[in-house]
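Participant: Predicted structure and sequence below. I'll ask about it afterward.
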Amino acid sequence: MPISGFSDLLLAWIRDHAAWAPIVVWALAFCESLAFISLLVPATVILIGAGGLIGAAGLSFWVNWLAAAVGAALGDWLSFWLARRYDYAITGLWPLSRHPGLLQRGEAFFRRWGVLGVFFGRFFGPLRATVPLAAGIAGMKPLPFQLANVTSALLWAAGILAPGAFGIQWLM
């Protein structure tokens, strides 16, 4: 199934099963932030569309925002933990092994910016899933990582859902 077909199908499912929206939003944000899965799931586009559905259906923005933030933070935390645990061996796993340049860019970004790189990396597509790996491989301490991870997840979740959620209400 093409990516656009998958996105349309999932958005239709969210529309028809609105009570499940926070769980789906959580899972999409988790997949978008997890190093391996983010390369396979078109979560950003679906989350932007879900924001529109949240606004159009009158669903709670705050519940879905929190679900997206927690999913994103957990995805980055798991990537960070795996990299700390397995070091560079993790780069040999599929699908990362098929995209070696992604981790190299994430490492360069992290080495230049450190904890700020973890924070700002979330807002740049390919870096979103690779900077936590680079931070873990580099042996970054967990507390500074988590502070940057959680604060950026809260802002990212608002940025990805709010335009659709509140833009729809403004247009109507």
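Facilitator: In hand now; what should we look at?
Participant: Please count neighbours and contacts with C-alpha atoms only from this point.
Facilitator: Fine.
Participant: Which strands and helices lie in contact with the top helix by length along the chain?
Facilitator: Within the chain, and with DSSP state H defining each element, the longest helix by residue count is helix 142-171. Helices and strands touching helix 142-171, by 3 or more C-alpha pairs under 8 Å, 6 or more residues apart in numbering; DSSP states H and E, are helix 43-57, helix 61-86, helix 115-121.
Participant: Which of those helices sits closest to P22?
Facilitator: Taking C-alpha to C-alpha, helix 61-86 is the member of the helices and strands packed on helix 142-171 nearest to P22, at 4.8 Å.
Participant: For the very next helix or strand once past the closest one, list every residue counted as buried.
Facilitator: Next along the chain after helix 61-86, taking DSSP states H and E as the criterion, comes helix 100-113. Using 16 or more other C-alpha atoms under 10 Å as the test for burial, helix 100-113 gives L102, L103, R105, G106, E107, F109, F110.
Participant: measure P126 to G117 for me?
Facilitator: Counting by C-alpha to C-alpha, to the nearest Å, the gap from P126 to G117 is 13 Å.
Participant: between the two, who's got more neighbours?
Facilitator: Shown here are P126 and G117; by other C-alpha atoms under 10 Å, G117 has more neighbours (22 against 19).
Participant: I'd like the average pLDDT over the strand or helix carrying P126.
Facilitator: Using DSSP H and E, P126 sits in helix 125-137. The average pLDDT within helix 125-137 is 86.
Participant: what helices or strands is it leaning on?
Facilitator: helix 21-33, helix 61-86, helix 100-113, helix 115-121.
Participant: Mind listing residues that contact it?
Facilitator: Contacts with helix 125-137, where a contact means C-alpha atoms under 8 Å, 6 or more residues apart in numbering, come from 32-36, 38, 76-77, 79-84, 87-88, 102-103, 105-107, 109-110, 114, 117-118, 121-122, 145.
Participant: Buried subset of the residues you listed, written for PyMOL?
Facilitator: Listed next is the PyMOL selection for buried residues among the contacts of helix 125-137, using 16+ other C-alpha under 10 Å:
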select buried, resi 32+33+34+35+36+38+76+77+79+80+81+82+83+84+87+102+103+105+106+107+109+110+114+117+118+121+122+145
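Participant: Tell me which residues of stretch 16-31 come out buried.
Facilitator: Across stretch 16-31, burial judged by 16+ other C-alpha under 10 Å covers A18, A21, P22, I23, V24, V25, W26, A27, L28, A29, F30, C31.
Participant: Among these, list the two that are farthest apart in space.
Facilitator: Taking C-alpha to C-alpha as the measure, the buried residues of stretch 16-31 reach their widest spread between A18 and C31, a distance of 19.9 Å.
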